[in-house]
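Asker: have a look at this prediction, sequence included:
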Amino acid sequence: MKVNTKLKLISAVVVLTVLVTTLTYSNTVLAFPGGVISGEVTCGASDVENALVSLIVDESVEDTDYTDSNGEYTLIYRDLLEETKECTIKVEKSGYTTIYRDTYLYPSDPTDFDIEWEVTQTCNGYVYDQNNLAVSGATVKLIDDTTVLDSDTTDVYGYYSFSEDVQENLYCKIQAEKTGYETHYTYIYCSEQTTSYTFRIAETSANKIALFLYATDAVVDTDIESYGNQLINDEGFDTVMYYEDLDEENDWQSAILGDLDSNETSHDFVFIHISGHGGYDEENDNSYLSTDTDQDCEMYSDDLATCINALESHNIFILITSCHAGGFVDDLKGTGVFVITESNSSSVAYAFGSVPAESVFSYYFYEKLDADYSDTEAYNSAKSLTETYYEEEIEGTQYDQDPQYILKDDQILYTWFEWW
(Lines give C-alpha, C1' and ligand atoms only; values in the text may rest on other atoms or scores of the structure.)
Protein backbone atom coordinates (compact mmCIF):
# COMPACT_ATOMS: atom_id res chain seq x y z
CA MET A 1 0.00 0.00 0.00
CA LYS A 2 1.48 3.39 -1.01
CA VAL A 3 1.97 5.89 1.76
CA ASN A 4 1.38 9.54 1.00
CA THR A 5 4.74 11.14 1.81
CA LYS A 6 3.20 14.54 2.62
CA LEU A 7 0.88 12.99 5.23
CA LYS A 8 3.74 10.90 6.48
CA LEU A 9 5.90 13.99 6.91
CA ILE A 10 3.09 15.74 8.80
CA SER A 11 2.81 12.70 11.05
CA ALA A 12 6.53 12.84 11.64
CA VAL A 13 6.30 16.51 12.66
CA VAL A 14 3.45 15.69 15.04
CA VAL A 15 5.47 12.88 16.56
CA LEU A 16 8.43 15.19 17.06
CA THR A 17 6.22 17.97 18.49
CA VAL A 18 4.49 15.68 20.98
CA LEU A 19 7.58 13.76 22.01
CA VAL A 20 10.14 16.53 22.27
CA THR A 21 10.30 16.36 26.01
CA THR A 22 13.73 16.62 27.51
CA LEU A 23 14.41 13.87 30.03
CA THR A 24 16.90 15.12 32.56
CA TYR A 25 18.83 13.61 35.38
CA SER A 26 21.33 15.71 37.34
CA ASN A 27 20.94 18.41 34.66
CA THR A 28 22.17 15.98 31.91
CA VAL A 29 20.18 15.28 28.69
CA LEU A 30 19.54 11.54 28.45
CA ALA A 31 17.55 11.02 25.21
CA PHE A 32 15.69 12.59 22.29
CA PRO A 33 12.83 11.29 20.16
CA GLY A 34 13.47 9.45 16.87
CA GLY A 35 14.66 10.95 13.60
CA VAL A 36 13.40 11.58 10.08
CA ILE A 37 15.14 11.04 6.73
CA SER A 38 13.72 12.38 3.48
CA GLY A 39 14.96 13.13 0.02
CA GLU A 40 14.67 12.50 -3.71
CA VAL A 41 15.73 9.46 -5.78
CA THR A 42 16.95 10.22 -9.32
CA CYS A 43 18.67 8.37 -12.12
CA GLY A 44 20.47 10.71 -14.44
CA ALA A 45 18.11 13.60 -15.17
CA SER A 46 14.94 11.66 -14.25
CA ASP A 47 13.04 11.22 -11.01
CA VAL A 48 12.49 7.58 -10.11
CA GLU A 49 8.87 6.91 -9.17
CA ASN A 50 7.59 3.93 -7.15
CA ALA A 51 11.00 2.79 -5.92
CA LEU A 52 10.98 1.00 -2.56
CA VAL A 53 13.17 2.86 -0.05
CA SER A 54 14.06 1.16 3.24
CA LEU A 55 15.65 2.52 6.43
CA ILE A 56 18.05 -0.02 7.94
CA VAL A 57 19.43 0.45 11.45
CA ASP A 58 21.61 -2.20 13.12
CA GLU A 59 20.73 -4.61 10.29
CA SER A 60 16.99 -4.24 10.92
CA VAL A 61 14.48 -2.56 8.59
CA GLU A 62 12.89 0.24 10.64
CA ASP A 63 10.68 1.86 7.99
CA THR A 64 9.88 1.78 4.26
CA ASP A 65 8.35 4.15 1.72
CA TYR A 66 7.68 4.26 -2.02
CA THR A 67 8.88 7.30 -3.97
CA ASP A 68 6.15 9.51 -5.43
CA SER A 69 5.96 10.96 -8.95
CA ASN A 70 8.72 13.43 -8.01
CA GLY A 71 10.97 10.66 -6.71
CA GLU A 72 10.50 11.85 -3.12
CA TYR A 73 10.44 9.65 -0.02
CA THR A 74 10.23 10.02 3.78
CA LEU A 75 11.40 7.55 6.43
CA ILE A 76 10.86 7.70 10.21
CA TYR A 77 12.94 6.20 12.99
CA ARG A 78 10.67 5.96 16.04
CA ASP A 79 13.05 4.80 18.75
CA LEU A 80 14.66 7.33 21.10
CA LEU A 81 18.07 8.59 20.06
CA GLU A 82 20.76 9.37 22.61
CA GLU A 83 23.28 10.37 19.96
CA THR A 84 23.87 10.49 16.23
CA LYS A 85 23.30 7.03 14.78
CA GLU A 86 24.59 5.38 11.59
CA CYS A 87 22.02 3.95 9.21
CA THR A 88 21.71 2.57 5.68
CA ILE A 89 19.20 3.47 2.98
CA LYS A 90 18.32 0.66 0.57
CA VAL A 91 16.67 1.49 -2.77
CA GLU A 92 15.19 -1.11 -5.11
CA LYS A 93 12.89 -1.27 -8.10
CA SER A 94 12.15 -3.81 -10.81
CA GLY A 95 14.39 -3.21 -13.81
CA TYR A 96 16.96 -1.38 -11.70
CA THR A 97 19.92 -2.53 -9.68
CA THR A 98 19.64 -2.51 -5.88
CA ILE A 99 21.74 0.16 -4.20
CA TYR A 100 22.71 1.05 -0.64
CA ARG A 101 23.71 4.39 0.84
CA ASP A 102 25.10 5.07 4.32
CA THR A 103 24.04 8.18 6.24
CA TYR A 104 23.14 9.30 9.79
CA LEU A 105 20.12 9.84 12.01
CA TYR A 106 20.33 12.98 14.18
CA PRO A 107 18.58 13.44 17.58
CA SER A 108 17.34 16.94 16.89
CA ASP A 109 17.42 17.55 13.10
CA PRO A 110 15.86 15.76 10.12
CA THR A 111 18.26 14.27 7.57
CA ASP A 112 17.97 15.59 4.02
CA PHE A 113 19.33 12.77 1.84
CA ASP A 114 19.00 12.77 -1.95
CA ILE A 115 20.05 9.59 -3.78
CA GLU A 116 21.46 9.44 -7.31
CA TRP A 117 21.14 5.96 -8.80
CA GLU A 118 23.53 6.63 -11.66
CA VAL A 119 27.33 6.52 -11.54
CA THR A 120 30.04 7.21 -14.10
CA GLN A 121 31.82 3.96 -14.91
CA THR A 122 35.30 4.58 -16.28
CA CYS A 123 37.29 1.78 -17.89
CA ASN A 124 40.88 1.93 -19.06
CA GLY A 125 43.87 -0.30 -19.55
CA TYR A 126 45.87 -2.10 -22.22
CA VAL A 127 45.46 -4.97 -24.66
CA TYR A 128 48.46 -7.22 -25.26
CA ASP A 129 48.94 -10.44 -27.20
CA GLN A 130 50.28 -13.73 -25.82
CA ASN A 131 53.84 -12.45 -26.17
CA ASN A 132 53.14 -9.25 -24.21
CA LEU A 133 53.19 -7.08 -27.36
CA ALA A 134 50.71 -4.21 -27.67
CA VAL A 135 47.65 -4.90 -29.83
CA SER A 136 46.52 -1.77 -31.66
CA GLY A 137 43.12 -1.53 -33.32
CA ALA A 138 41.42 -3.84 -30.83
CA THR A 139 37.88 -2.94 -29.76
CA VAL A 140 37.11 -2.90 -26.04
CA LYS A 141 33.42 -2.82 -25.15
CA LEU A 142 31.31 -2.30 -22.03
CA ILE A 143 28.34 -4.65 -22.46
CA ASP A 144 25.09 -4.93 -20.46
CA ASP A 145 23.69 -8.35 -21.37
CA THR A 146 23.74 -7.94 -25.18
CA THR A 147 23.69 -4.12 -25.31
CA VAL A 148 26.98 -2.31 -25.97
CA LEU A 149 26.99 0.70 -23.63
CA ASP A 150 30.33 2.16 -24.72
CA SER A 151 33.54 1.18 -26.48
CA ASP A 152 36.99 2.34 -27.52
CA THR A 153 39.68 1.28 -29.99
CA THR A 154 43.21 0.69 -28.71
CA ASP A 155 46.00 2.98 -29.87
CA VAL A 156 49.51 1.96 -30.97
CA TYR A 157 50.38 1.24 -27.35
CA GLY A 158 47.35 -0.99 -26.90
CA TYR A 159 45.70 1.58 -24.63
CA TYR A 160 41.93 2.08 -24.32
CA SER A 161 39.77 4.38 -22.19
CA PHE A 162 36.07 5.32 -21.99
CA SER A 163 33.46 6.52 -19.48
CA GLU A 164 29.72 5.82 -19.41
CA ASP A 165 26.88 6.83 -17.07
CA VAL A 166 25.15 3.65 -15.87
CA GLN A 167 23.18 2.35 -12.91
CA GLU A 168 25.34 1.67 -9.89
CA ASN A 169 26.07 -2.05 -9.32
CA LEU A 170 25.08 -2.89 -12.90
CA TYR A 171 26.75 -6.23 -13.73
CA CYS A 172 28.55 -5.65 -17.03
CA LYS A 173 31.06 -7.39 -19.23
CA ILE A 174 34.22 -5.71 -20.52
CA GLN A 175 35.33 -7.43 -23.71
CA ALA A 176 38.40 -7.08 -25.96
CA GLU A 177 38.26 -8.35 -29.52
CA LYS A 178 40.06 -8.05 -32.83
CA THR A 179 39.93 -10.05 -36.04
CA GLY A 180 42.67 -12.68 -35.94
CA TYR A 181 42.71 -12.83 -32.15
CA GLU A 182 40.85 -14.71 -29.44
CA THR A 183 38.12 -12.70 -27.69
CA HIS A 184 38.76 -12.06 -24.00
CA TYR A 185 36.35 -10.68 -21.39
CA THR A 186 35.84 -10.08 -17.69
CA TYR A 187 32.90 -8.96 -15.54
CA ILE A 188 32.53 -5.96 -13.21
CA TYR A 189 29.94 -4.29 -11.01
CA CYS A 190 29.74 -0.68 -12.17
CA SER A 191 30.70 1.99 -9.65
CA GLU A 192 32.03 5.52 -9.48
CA GLN A 193 35.57 4.16 -9.35
CA THR A 194 37.78 3.55 -12.39
CA THR A 195 38.25 -0.06 -13.49
CA SER A 196 41.69 -0.65 -14.97
CA TYR A 197 42.13 -4.00 -16.69
CA THR A 198 44.85 -5.46 -18.91
CA PHE A 199 43.64 -7.87 -21.58
CA ARG A 200 45.81 -10.55 -23.16
CA ILE A 201 44.34 -11.91 -26.38
CA ALA A 202 46.16 -14.67 -28.26
CA GLU A 203 46.48 -14.75 -32.02
CA THR A 204 44.17 -17.36 -33.51
CA SER A 205 47.04 -18.39 -35.79
CA ALA A 206 49.06 -19.46 -32.74
CA ASN A 207 49.40 -23.23 -32.48
CA LYS A 208 48.81 -25.19 -29.32
CA ILE A 209 51.24 -28.08 -29.03
CA ALA A 210 51.41 -30.79 -26.35
CA LEU A 211 54.27 -33.18 -25.66
CA PHE A 212 53.95 -36.20 -23.35
CA LEU A 213 57.08 -37.99 -22.12
CA TYR A 214 56.39 -40.97 -19.85
CA ALA A 215 57.57 -44.31 -18.56
CA THR A 216 54.90 -47.03 -18.87
CA ASP A 217 55.82 -48.55 -15.50
CA ALA A 218 54.91 -45.21 -13.87
CA VAL A 219 51.64 -44.35 -15.61
CA VAL A 220 49.12 -46.20 -17.76
CA ASP A 221 49.43 -45.08 -21.38
CA THR A 222 45.65 -45.03 -21.88
CA ASP A 223 45.44 -42.36 -19.17
CA ILE A 224 48.05 -40.27 -20.99
CA GLU A 225 46.14 -40.68 -24.25
CA SER A 226 42.91 -39.57 -22.57
CA TYR A 227 44.69 -36.39 -21.43
CA GLY A 228 45.88 -35.76 -24.98
CA ASN A 229 42.40 -36.30 -26.40
CA GLN A 230 41.02 -33.85 -23.85
CA LEU A 231 43.52 -31.22 -24.95
CA ILE A 232 42.52 -31.70 -28.61
CA ASN A 233 38.76 -31.94 -28.13
CA ASP A 234 38.20 -29.47 -25.29
CA GLU A 235 41.17 -27.11 -25.29
CA GLY A 236 41.71 -26.68 -29.04
CA PHE A 237 45.22 -28.14 -29.27
CA ASP A 238 46.54 -28.56 -32.80
CA THR A 239 49.28 -31.12 -32.19
CA VAL A 240 49.82 -33.75 -29.47
CA MET A 241 52.99 -35.87 -29.45
CA TYR A 242 53.56 -38.98 -27.31
CA TYR A 243 56.92 -40.49 -26.36
CA GLU A 244 57.04 -43.54 -24.11
CA ASP A 245 59.93 -45.42 -22.53
CA LEU A 246 62.77 -43.35 -23.99
CA ASP A 247 65.84 -45.21 -22.76
CA GLU A 248 68.61 -42.82 -23.75
CA GLU A 249 69.28 -39.29 -22.54
CA ASN A 250 69.64 -37.98 -26.07
CA ASP A 251 66.25 -39.50 -26.94
CA TRP A 252 64.25 -37.27 -24.60
CA GLN A 253 66.40 -34.28 -25.52
CA SER A 254 65.78 -35.01 -29.20
CA ALA A 255 62.04 -35.17 -28.54
CA ILE A 256 62.19 -31.64 -27.15
CA LEU A 257 64.93 -30.00 -29.21
CA GLY A 258 64.12 -31.93 -32.38
CA ASP A 259 60.45 -32.81 -32.86
CA LEU A 260 58.93 -30.23 -30.53
CA ASP A 261 61.23 -27.39 -31.53
CA SER A 262 60.60 -28.00 -35.23
CA ASN A 263 56.84 -27.56 -34.65
CA GLU A 264 56.78 -24.54 -32.32
CA THR A 265 57.45 -20.84 -32.84
CA SER A 266 57.64 -17.81 -30.57
CA HIS A 267 53.88 -17.27 -31.03
CA ASP A 268 52.82 -20.79 -30.04
CA PHE A 269 51.68 -22.41 -26.80
CA VAL A 270 53.57 -25.46 -25.59
CA PHE A 271 52.35 -27.89 -22.92
CA ILE A 272 54.77 -30.58 -21.67
CA HIS A 273 53.69 -33.38 -19.32
CA ILE A 274 56.49 -35.65 -18.05
CA SER A 275 55.74 -38.78 -15.97
CA GLY A 276 58.25 -41.19 -14.47
CA HIS A 277 59.99 -42.45 -11.33
CA GLY A 278 61.90 -39.62 -9.67
CA GLY A 279 64.68 -39.08 -7.20
CA TYR A 280 66.85 -36.33 -5.77
CA ASP A 281 70.62 -35.93 -6.16
CA GLU A 282 71.64 -34.17 -2.95
CA GLU A 283 75.28 -33.81 -4.01
CA ASN A 284 74.38 -31.82 -7.13
CA ASP A 285 71.14 -30.38 -5.71
CA ASN A 286 69.13 -31.74 -8.66
CA SER A 287 65.89 -33.63 -9.09
CA TYR A 288 65.80 -36.33 -11.75
CA LEU A 289 63.35 -38.83 -13.20
CA SER A 290 63.48 -41.82 -15.51
CA THR A 291 61.55 -41.83 -18.76
CA ASP A 292 61.97 -45.58 -19.32
CA THR A 293 60.95 -48.77 -17.52
CA ASP A 294 64.55 -49.81 -16.74
CA GLN A 295 65.10 -46.46 -15.04
CA ASP A 296 68.40 -46.10 -16.88
CA CYS A 297 67.59 -42.78 -18.50
CA GLU A 298 67.80 -40.01 -15.95
CA MET A 299 66.38 -36.62 -16.86
CA TYR A 300 68.00 -34.07 -14.55
CA SER A 301 66.22 -30.83 -13.73
CA ASP A 302 69.09 -28.59 -14.85
CA ASP A 303 69.36 -30.43 -18.20
CA LEU A 304 65.62 -30.01 -18.80
CA ALA A 305 65.93 -26.29 -18.01
CA THR A 306 68.67 -26.00 -20.65
CA CYS A 307 66.39 -27.61 -23.26
CA ILE A 308 63.43 -25.41 -22.35
CA ASN A 309 65.58 -22.29 -22.65
CA ALA A 310 66.41 -23.30 -26.24
CA LEU A 311 62.75 -23.28 -27.33
CA GLU A 312 61.28 -20.23 -29.08
CA SER A 313 57.86 -20.16 -27.41
CA HIS A 314 57.24 -17.64 -24.65
CA ASN A 315 54.26 -19.62 -23.34
CA ILE A 316 55.39 -22.97 -21.97
CA PHE A 317 53.50 -24.97 -19.36
CA ILE A 318 55.27 -27.95 -17.76
CA LEU A 319 53.71 -30.60 -15.50
CA ILE A 320 56.09 -33.04 -13.77
CA THR A 321 54.53 -36.23 -12.38
CA SER A 322 57.08 -38.00 -10.20
CA CYS A 323 58.38 -38.30 -6.66
CA HIS A 324 61.09 -35.91 -5.39
CA ALA A 325 60.50 -33.47 -8.27
CA GLY A 326 60.93 -30.16 -6.44
CA GLY A 327 64.29 -29.49 -8.08
CA PHE A 328 62.53 -29.05 -11.42
CA VAL A 329 60.72 -26.01 -10.01
CA ASP A 330 64.01 -24.59 -8.72
CA ASP A 331 65.86 -25.03 -12.03
CA LEU A 332 62.98 -23.89 -14.26
CA LYS A 333 62.28 -20.69 -12.31
CA GLY A 334 64.59 -18.63 -14.47
CA THR A 335 63.14 -19.81 -17.78
CA GLY A 336 59.84 -17.88 -17.66
CA VAL A 337 57.55 -20.92 -17.69
CA PHE A 338 54.56 -22.19 -15.76
CA VAL A 339 55.78 -25.31 -13.96
CA ILE A 340 53.97 -27.67 -11.58
CA THR A 341 55.66 -30.56 -9.79
CA GLU A 342 53.56 -33.11 -7.95
CA SER A 343 56.10 -33.31 -5.12
CA ASN A 344 58.96 -31.39 -3.57
CA SER A 345 62.52 -32.70 -3.44
CA SER A 346 61.81 -34.97 -0.43
CA SER A 347 58.19 -36.08 -0.85
CA VAL A 348 56.47 -38.72 -2.98
CA ALA A 349 53.67 -38.38 -5.55
CA TYR A 350 50.74 -40.71 -4.98
CA ALA A 351 48.74 -42.62 -7.59
CA PHE A 352 45.39 -44.40 -7.44
CA GLY A 353 46.64 -47.82 -6.35
CA SER A 354 50.03 -49.37 -7.10
CA VAL A 355 51.93 -48.14 -10.15
CA PRO A 356 51.51 -48.03 -13.04
CA ALA A 357 48.39 -46.06 -12.24
CA GLU A 358 46.91 -42.64 -12.75
CA SER A 359 48.43 -39.86 -10.67
CA VAL A 360 45.99 -38.47 -8.12
CA PHE A 361 46.95 -34.86 -8.80
CA SER A 362 46.97 -35.25 -12.61
CA TYR A 363 43.54 -36.84 -12.51
CA TYR A 364 42.06 -33.93 -10.57
CA PHE A 365 44.01 -31.32 -12.55
CA TYR A 366 42.71 -32.48 -15.93
CA GLU A 367 39.24 -32.94 -14.44
CA LYS A 368 39.17 -29.27 -13.42
CA LEU A 369 40.48 -28.13 -16.79
CA ASP A 370 37.63 -30.09 -18.35
CA ALA A 371 35.24 -28.16 -16.06
CA ASP A 372 36.55 -24.88 -17.55
CA TYR A 373 38.75 -23.94 -14.60
CA SER A 374 41.68 -21.64 -15.41
CA ASP A 375 45.21 -22.94 -14.96
CA THR A 376 45.66 -21.54 -11.45
CA GLU A 377 42.13 -22.49 -10.38
CA ALA A 378 42.71 -26.05 -11.60
CA TYR A 379 46.02 -26.20 -9.71
CA ASN A 380 44.51 -24.93 -6.44
CA SER A 381 41.51 -27.25 -6.62
CA ALA A 382 43.53 -30.33 -7.62
CA LYS A 383 46.08 -29.62 -4.88
CA SER A 384 43.33 -29.43 -2.26
CA LEU A 385 41.63 -32.61 -3.52
CA THR A 386 44.97 -34.46 -3.56
CA GLU A 387 45.65 -33.44 0.04
CA THR A 388 42.19 -34.67 1.02
CA TYR A 389 42.82 -37.97 -0.80
CA TYR A 390 46.05 -38.46 1.16
CA GLU A 391 44.33 -37.76 4.48
CA GLU A 392 41.40 -40.07 3.75
CA GLU A 393 43.00 -42.90 1.75
CA ILE A 394 46.77 -42.96 2.39
CA GLU A 395 47.61 -41.52 5.80
CA GLY A 396 48.13 -44.22 8.40
CA THR A 397 48.02 -47.10 5.89
CA GLN A 398 50.86 -49.38 4.81
CA TYR A 399 51.35 -47.16 1.73
CA ASP A 400 51.93 -44.00 3.76
CA GLN A 401 55.46 -42.75 3.05
CA ASP A 402 55.08 -39.02 3.48
CA PRO A 403 52.56 -36.22 2.80
CA GLN A 404 52.63 -35.05 -0.80
CA TYR A 405 53.89 -31.49 -1.27
CA ILE A 406 52.81 -30.07 -4.63
CA LEU A 407 54.67 -27.03 -5.98
CA LYS A 408 53.94 -24.35 -8.59
CA ASP A 409 55.88 -21.49 -10.12
CA ASP A 410 54.00 -19.29 -12.59
CA GLN A 411 56.01 -16.74 -14.58
CA ILE A 412 53.69 -16.56 -17.59
CA LEU A 413 51.65 -13.41 -18.16
CA TYR A 414 49.11 -15.09 -20.41
CA THR A 415 46.43 -17.11 -18.60
CA TRP A 416 46.37 -20.66 -19.95
CA PHE A 417 43.28 -22.75 -20.63
CA GLU A 418 40.73 -20.30 -19.21
CA TRP A 419 39.81 -18.77 -22.59
CA TRP A 420 40.60 -21.69 -24.85
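Answerer: Yep, it's here. Numbers count the residues shown, from 1 in each chain.
Asker: so for Thr186, what's the pLDDT?
Answerer: pLDDT recorded at Thr186 is 94.
Asker: which residue packs closest to it, ignoring adjacent ones?
Answerer: Ile174 (5.6 Å; C-beta to C-beta, 6 or more residues apart in numbering). All C-beta spots, glycine's among them, are computed from the backbone N, C-alpha and C.
Asker: touching, that neighbour and Ser196? I think so.
Answerer: No: contact between Ile174 and Ser196 fails when scored by C-beta atoms under 8 Å: they sit 10.6 Å apart.
Asker: look at these two and report which has more neighbours.
Answerer: Ile174 (21 against 11; other C-beta atoms under 10 Å).
Asker: hang on, the earlier thing: could you give the bridge partners of the residue nearest to Thr186?
Answerer: Leu142, Thr186 (DSSP bridges).
Asker: contacts only, for it.
Answerer: Neighbour list for Ile174: 123, 140-143, 185-188, 195, 197 [criterion: C-beta atoms under 8 Å, 6 or more residues apart in numbering].
Asker: which of those are buried, as a ChimeraX select command?
Answerer: Typed into ChimeraX, the line below selects the buried ones among these, using 16 or more other C-beta atoms under 10 Å:
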select :123,140,141,142,143,185,188,195,197
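Asker: save the contacts of Ile174 as JSON lines, and put in distance to Leu211 too.
Answerer: Converted to JSON lines, these look like this (distance: C-beta to C-beta, whole Å):
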{"residue": "Cys123", "distance to Leu211": "39"}
{"residue": "Val140", "distance to Leu211": "35"}
{"residue": "Lys141", "distance to Leu211": "37"}
{"residue": "Leu142", "distance to Leu211": "40"}
{"residue": "Ile143", "distance to Leu211": "38"}
{"residue": "Tyr185", "distance to Leu211": "30"}
{"residue": "Thr186", "distance to Leu211": "31"}
{"residue": "Tyr187", "distance to Leu211": "35"}
{"residue": "Ile188", "distance to Leu211": "38"}
{"residue": "Thr195", "distance to Leu211": "39"}
{"residue": "Tyr197", "distance to Leu211": "33"}
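Asker: ok, the contacts of Ile174 vs Val36, which is closest?
Answerer: Checking the contacts of Ile174 against Val36 by C-beta to C-beta gives Ile188 as the nearest, at 36.1 Å.
Asker: can you tell me the SS state at the closest one?
Answerer: strand (DSSP: H, G, I helix; E, B strand; the rest coil).
Asker: residues contacting it?
Answerer: With C-beta under 8 Å, 6+ apart, Ile188 has these contacts: 121, 171-172, 174, 195.
Asker: reformat the residues you listed as CSV; add pLDDT, secondary structure and distance to Thr88.
Answerer: Shown next, in CSV, are those (pLDDT from 0 to 100; DSSP: H, G, I helix; E, B strand; the rest coil; distance: C-beta to C-beta, whole Å):
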residue, pLDDT, secondary structure, distance to Thr88
Gln121, 95, strand, 23
Tyr171, 95, strand, 21
Cys172, 96, strand, 24
Ile174, 97, strand, 29
Thr195, 95, strand, 24
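Asker: check those residues and tell me the two furthest apart.
Answerer: Once C-beta to C-beta is applied, the contacts of Ile188 give Tyr171 and Thr195 as the farthest pair, at 12.7 Å.
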